[in-house]
Structure formats: structure tokens, C-alpha cells
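**Student:** Got a predicted structure plus its sequence, pasted below:
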Amino acid sequence: MRLPKTTPEGYRVLLYSIRDPDPTKMIFSDAVKGFCMYNDCVLSEDGLVEGYIVVFDMKGATIGHLARVSLPALKAFMFYIQEAHPARLKEIHVLNTASWIHHIMRIIVPLVKSELLNIVKFHKGNMPEGVPRDILPADYGGEGPSVEELDNDTKSMVDKYAEWLKESVYFKADESKRVRKATWWGLFTGSNSTEKLDEKTILKNLQID
């Protein structure tokens, strides 16, 4: 859900949480598709903003949810976030972090660039550090609208873009016209190489506030 107020820096805050804790009802590919469709609506509403702060609430998440994650869909999702998402991610907060977060990180780390991991913060409670209270929903100890009110706003926004979202299914990219990032000069300078992450170091340094 999209919180109505921005931070003093002008960042928009997006809050995601699990509405139904039953893992058997989760279809991961559909969840990823829904996430991308919602983000398209948010970007259309906001236009150009200074950046985004993303908050994930793990309350209600179980190992059962992790077992239903599709690796191909996860790879596609991470590629979208890092290569195609037209927004500046400033911070990522994980609330009510589960004790088994290391299992998730072992799956995600090989798919994530180091600069993205550097902005992720894990919290035991449900208060994201640095986000003003007047922005947060009342359910999270803030002064903003309740989650129920924000849910209604989200549904209204998606309904507004319903026809456009249906038509977007038929949009396709012509990959033959895409400019390749690699260059012949990069073969000699090494500028085409991507920094590899040390998974053991990252998991060892994983801290939960």
C-alpha cells in the first residue's frame, strides 16, 4: 500500500504485508505479477519522485510460504527490480523479521547486486527506523490512516487503471533493438564484469535491529 505522506526528503513510502497467512493459498507467480501491476499504478500516480522507501512486514510469513517460491519467477522479479524498475530505491526495511530469514537470504543473495543489499535493514519489531511516525499507519504505531483505509485506497487506485492493466498484457519489447551494455573496450578494461557477492560474508554480517 502507498502511504499518503512523503518523508521530509520527498521519498514515497510503500508498505507490503501478508493479508492471508495460509501458505496454501499463495501462488508465487501471481503474487509477483500483482506486485508489478501495483507498482505500475503507483509510478503512474506519482510521476517523478525523489525516491522510494519500501517496507516489508513479515508478520504471518512461514516456512510454508518460502516452500512455494518459484525460482524462475523470483529471478524474473529480481531482474525487474534491479534492471527495469524506473524508480530510485533509497531504503528497504523488513519488519517482524522471522528467525529463519537466513534461509531466504541464501536464495536471494546470488540474485542481488551488492548496492541493493546495502540498503536493506532488518527489524525485530514493526517500526522501521528513520521513517517518521506521522507517515506510518495507525496499526504500526503511527499517526497516518489505518491499514483498512489504505487498503481501500489501493483498491480504488487499481480500479482506476484496470483497463490499462488489461491492455498491457499485449505489450512486448523488441529485444533485437536493445542496446547491449557490454563493449569491446570492456573486454580489455574489465568494466563489463559484475561484482560477485561473497554469500558467506553477507550471511555472517546479517544483523537484525
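**Tutor:** Arrived safely, thanks for sending. This one's a predicted model, so the numbers in the text were calculated from it and none came from an experiment.

**Student:** does the spatially most central residue of the chain count as helix, strand or coil?
**Tutor:** The residue lying closest to the centre of the chain (C-alpha atoms, centre = their mean) is Val54, at 6.1 Å. Three-state call for Val54 (DSSP: H, G, I helix; E, B strand; the rest coil): strand.

**Student:** Next up, the contacts around it.
**Tutor:** Neighbour list for Val54: Val13, Leu14, Tyr16, Leu89, Glu91, Ile92, His93 [criterion: C-beta atoms under 8 Å, 6 or more residues apart in numbering]. All C-beta spots, glycine's among them, are computed from the backbone N, C-alpha and C.

**Student:** Check Ile27 too.
**Tutor:** Arg68.

**Student:** ok so, going back, bridging residues for the residue nearest to the centre of the chain?
**Tutor:** Going by DSSP bridges, Val54 is paired in beta bridges with Leu14, Ile92.

**Student:** Just the pLDDT at it, thanks.
**Tutor:** pLDDT, Val54: 90.

**Student:** any idea how far it lies from Pro145?
**Tutor:** 19 Å (C-beta to C-beta, to the nearest Å).

**Student:** Ok, Leu14 next?
**Tutor:** Taking C-beta to C-beta, one finds Leu14 at 15 Å from Pro145.

**Student:** Could I get the phi/psi values of Leu136?
**Tutor:** phi -70, psi 150 (degrees, to the nearest 10).

**Student:** count of residues packed around it?
**Tutor:** 22 (other C-beta atoms under 10 Å).

**Student:** can you tell me which residues contact it?
**Tutor:** By C-beta under 8 Å, 6+ apart, the neighbours of Leu136 are Leu3, Met127, Pro128, Gly142, Glu143, Gly144.

**Student:** in the chain, which ranges drop under the pLDDT threshold?
**Tutor:** 169-174, 178-209 (pLDDT under 70).

**Student:** could you pull out the helices for it?
**Tutor:** 28-46, 63-67, 71-79, 101-108, 114-117, 147-160, 162-167, 184-189, 199-204 (DSSP state H).

**Student:** what sits against the nearest residue to Leu89 once chain neighbours are set aside?
**Tutor:** Once flanking residues are discounted, Leu89 sits nearest to Tyr52: 5.7 Å by C-beta to C-beta, 6 or more residues apart in numbering. By C-beta under 8 Å, 6+ apart, the residues touching Tyr52 are Tyr11, Arg12, Val13, Leu14, Ala87, Arg88, Leu89, Lys90.

**Student:** change it to 10 Å
**Tutor:** Listed by C-beta atoms under 10 Å, 6 or more residues apart in numbering, the contact partners of Tyr52 are 2, 6, 11-14, 39, 42-43, 46, 85, 87-92.

**Student:** and what of Pro132?
**Tutor:** Shown in contact with Pro132 (C-beta under 10 Å, 6+ apart): Lys5, Thr6, Thr7, Pro8, Val13, Gly142, Glu143, Gly144.
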